[in-house]
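Participant: Have a look at this prediction, sequence included:
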Amino acid sequence: MDDLKKVSDLLYAPGEVMPGIDMALEEACARGAAAGFIDEKPFCVVRDWIWIDLIVPDALREALQASGQQPVMVYASQVLYDSAQRFNFGDCVRTTQLVEFADGCIFRTRNTRYVLVGPGVRKSAEASTVLKMFW
């Protein structure tokens, strides 16, 4: 399968539906800010998201796990709010690897907490495919 087809399938093919948090933006921001009392990281509220289980070699999976990360990323096609003002409303974003998933809606990486609003989908993809989305 060529690269364009892989990226297209990742973005547009059906996946396993996952629930996000169903609340207004103000409530989601409050939820993200409250989680900051634990780790003081900025937060980003997103919708229209894809949970991506990365297909990686065993050696890379072990290296990620040894560093406290999991081979999972999120791609969101719509940023609703970014507490650090790195992204504008409506931007898309791809996270780095998952460190912790909490409360059914907080996807924490090493440097940011993402509040997943509304339903998303879960898919699997090669890490190289995910990285090509932004290169």
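Facilitator: Arrived safely.
Participant: Bridged to the spatially most central residue of the chain, which residues?
Facilitator: With distances taken as Cα atoms, centre = their mean, Val74 lies nearest the centre of the chain, 2.2 Å away. Assessed by DSSP bridges, Val74 has beta-bridge partners Trp51.
Participant: wait, doesn't it sit right on Cys92?
Facilitator: No: contact criterion Cβ atoms under 8 Å: Val74 and Cys92 do not qualify, at 11.0 Å. In this view, the C-beta of every residue, glycine as well, is placed from N, C-alpha and C.
Participant: Could I get the contacting residues of Phe89?
Facilitator: Listed by Cβ atoms under 8 Å, 6 or more residues apart in numbering, the contact set of Phe89 reads Val79, Leu80, Tyr81.
Participant: repeat for Arg110
Facilitator: Neighbouring residues of Arg110 by Cβ under 8 Å, 6+ apart: Gln69, Thr96, Gln97, Val99.
Participant: And the contacts of the helix or strand of the chain with the lowest mean pLDDT?
Facilitator: Ranking every helix and strand in the chain by mean pLDDT, DSSP states H and E puts helix 25-39 at the bottom, with a mean of 80. Helix 25-39 is contacted by residues 21, 23, 42-45, 80-81, 83, 102-103, 105-106, 108, 113, 115, 117 when judged by Cβ under 8 Å, 6+ apart.
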